[in-house]
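> any chance you can model this:
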Amino acid sequence: MRYAIAIFITLFIGCSVAQCQLPVPAFAYQKPPVQSKQLSSQIREGVRVSDLRISSIDGSEIAAYLVEPRGGCSTLRRRCAGVLMVHWYDPSASNANRSEFLPEAYDLARHGAVSLLVDAMWAQPRWLEQRNPADDYNASVAQVKNLRRSLDVLLHRPGVDPSRIAVVGHDLGAMFGAIVAGVDRRVRALVLMAGDPCLSDRYLLGQKLSAAREDAIKKRLSPLCPVLYLPRATGPVFLQYANKDPFVSHQEAQLMANAAPEPKRVRFYDLSHELNRQARIERMEWLMLRLHLRPSPEQ
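Purely as a prediction, here's the structure:
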């Protein structure tokens, strides 16, 4: 497996096998008591949706939605599955933030799951062009820690079953979801949509740099390639890719598919990067099966 991963990285970031054996980033973090505050809560489409602010690893606030069965898990006859959802990045899309997975979170709540939808660091429309590339490595490590912190918040909810925890991610959300699943044993199921093998594939998008500068960035970020962490995921994996994706080539998608551990399901759709309703339906069916979901008695 290590040899195969080294070949993956050699092909896509242009470094030698020896150069790719870089130290693994430190994803450990201090775990003070879970801190979150609820700004509002209302019943929508038969489920409860709460607007939260949760404390990040540096004490700042992360905007999040908590979507759960109407009366909460503690009122149900069985414990709830938990799902952490991580959105995509698209400057032109209105849902390139915590709102992307709201429709799916409603469906999951009706079947006895609690979903936490968080704003990632790329939630701002012009994040890619406004960020400081020199901070990419440290910011990415911090983002992984904050997603692990989000798992803390999810698991802290009364009635959430720690044996039925999933991560769902799209685009950058899928890439970071793969890393989180590789370092955090609490993730028991994983759905990844249109994710690249390496973070540098997305961070370098549209940038005009010298070959030397680009190679230096790829080498710097190589310990953060999702393809390195995906083989360590525990539990089943569902990968969804688009044949007409302008950002992720079929070869890159196949690298991720090959790296995913068994049991896994891989689907290619004749679509573009955003995928469609059919992909959403298949995600829902897969999650219901893997998380042992059933309609809530309240619905």
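
> show me where the stretch 101-250 of the chain dips below the pLDDT cut-off.
Applying pLDDT under 70 to the stretch 101-250 of the chain picks out no residues at all.

> so where do the strands sit in it?
For the stretch 101-250 of the chain, applying DSSP state E, counting those that start in this stretch gives strands covering 113-118, 160-170, 189-193, 237-242.

> between the ones you listed, which one is closest to residue 77.
strand 160-170 (12.7 Å; Cβ to Cβ). The way it works is simple: take the backbone N, C-alpha and C, and place the C-beta from them, glycine included.

> now distance to residue 178 too, for the strands of the stretch 101-250 of the chain, in JSON lines please.
Shown next, in JSON lines, are the strands of the stretch 101-250 of the chain (distance: least, Cβ to Cβ, whole Å):
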{"stretch": "strand 113-118", "distance to residue 178": "16"}
{"stretch": "strand 160-170", "distance to residue 178": "8"}
{"stretch": "strand 189-193", "distance to residue 178": "6"}
{"stretch": "strand 237-242", "distance to residue 178": "9"}
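
> okay if I get the ones you listed as a markdown table plus distance to residue 100 and mean neighbour count?
Below are these laid out as a markdown table (distance: least, Cβ to Cβ, whole Å; neighbours: other Cβ atoms under 10 Å):
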| stretch | distance to residue 100 | mean neighbour count |
| --- | --- | --- |
| strand 113-118 | 8 | 27 |
| strand 160-170 | 7 | 22 |
| strand 189-193 | 10 | 26 |
| strand 237-242 | 14 | 24 |
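
> quick one: closest of those to residue 48.
So among the strands of the stretch 101-250 of the chain, strand 113-118 is nearest, using Cβ to Cβ, at 9.6 Å.

> and the closest one with strand 160-170, angle?
Inter-element angle recorded for strand 113-118 and strand 160-170: 50 degrees (by axes from the mean of the first three to the mean of the last three Cα atoms, to 10 degrees).

> and strand 113-118, what does it pack against?
strand 61-69, strand 80-86, helix 102-110, helix 136-156 (3 or more Cβ pairs under 8 Å, 6 or more residues apart in numbering; DSSP states H and E).

> ok, now with 10 Å
Packed against strand 113-118 by the contact rule (3 or more Cβ pairs under 10 Å, 6 or more residues apart in numbering; DSSP states H and E) you find strand 47-55, strand 61-69, strand 80-86, helix 102-110, helix 136-156, strand 160-170.

> thinking again about what came up before, looking at the strands of the stretch 101-250 of the chain, which is nearest to residue 142?
strand 113-118 (13.5 Å).

> paired strands for that closest one, with orientation please.
Partners of strand 113-118 in the sheet, by DSSP bridges, are strand 61-69 (antiparallel), strand 80-86 (parallel).

> in CSV, list those along with distance to residue 257.
What follows is the strands paired with strand 113-118, written out as CSV (distance: least, Cβ to Cβ, whole Å):
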stretch, distance to residue 257
strand 61-69, 30
strand 80-86, 20
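
> now those strands in TSV, with distance to residue 166 and mean pLDDT?
Below are those laid out as TSV (distance: least, Cβ to Cβ, whole Å; pLDDT from 0 to 100):
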stretch	distance to residue 166	mean pLDDT
strand 61-69	14	97
strand 80-86	5	97
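
> quick one, which of those strands is packed in tightest?
strand 80-86 (a mean of 28; mean count of other Cβ atoms under 10 Å).

> using PDB, list the CA coordinates for it.
C-alpha atoms of strand 80-86 as PDB (Å, rounded to 0.1, in the frame of the first residue of the first chain):
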ATOM      1  CA  CYS A  80     -29.800   8.600  16.200                       C
ATOM      2  CA  ALA A  81     -27.000   8.300  13.600                       C
ATOM      3  CA  GLY A  82     -24.900  11.300  13.200                       C
ATOM      4  CA  VAL A  83     -23.700  12.900   9.900                       C
ATOM      5  CA  LEU A  84     -21.100  15.700   9.400                       C
ATOM      6  CA  MET A  85     -21.600  17.500   6.100                       C
ATOM      7  CA  VAL A  86     -18.900  19.500   4.400                       C
END
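
> so which residues of the stretch 151-299 of the chain form helices?
With DSSP state H, counting those that start in this stretch as the criterion, the stretch 151-299 of the chain has helices at 172-183, 199-203, 211-221, 226-229, 250-259, 277-290.

> let's see stretch 276-293 as CSV, backbone CA atoms only.
What follows is stretch 276-293, C-alpha atoms only, in CSV (Å, rounded to 0.1, in the frame of the first residue of the first chain):
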residue,chain,number,x,y,z
ASN,A,276,-27.4,16.1,-9.8
ARG,A,277,-30.6,14.8,-8.1
GLN,A,278,-29.9,11.2,-9.1
ALA,A,279,-26.6,11.3,-7.3
ARG,A,280,-28.3,12.8,-4.3
ILE,A,281,-30.9,9.9,-4.3
GLU,A,282,-28.2,7.3,-4.5
ARG,A,283,-26.3,9.0,-1.6
MET,A,284,-29.4,8.9,0.5
GLU,A,285,-30.1,5.3,-0.2
TRP,A,286,-26.5,4.4,0.6
LEU,A,287,-26.5,6.3,3.9
MET,A,288,-29.9,4.8,4.9
LEU,A,289,-28.4,1.3,4.4
ARG,A,290,-25.0,1.9,6.0
LEU,A,291,-26.3,3.9,9.0
HIS,A,292,-29.3,1.6,9.5
LEU,A,293,-31.8,4.4,9.2
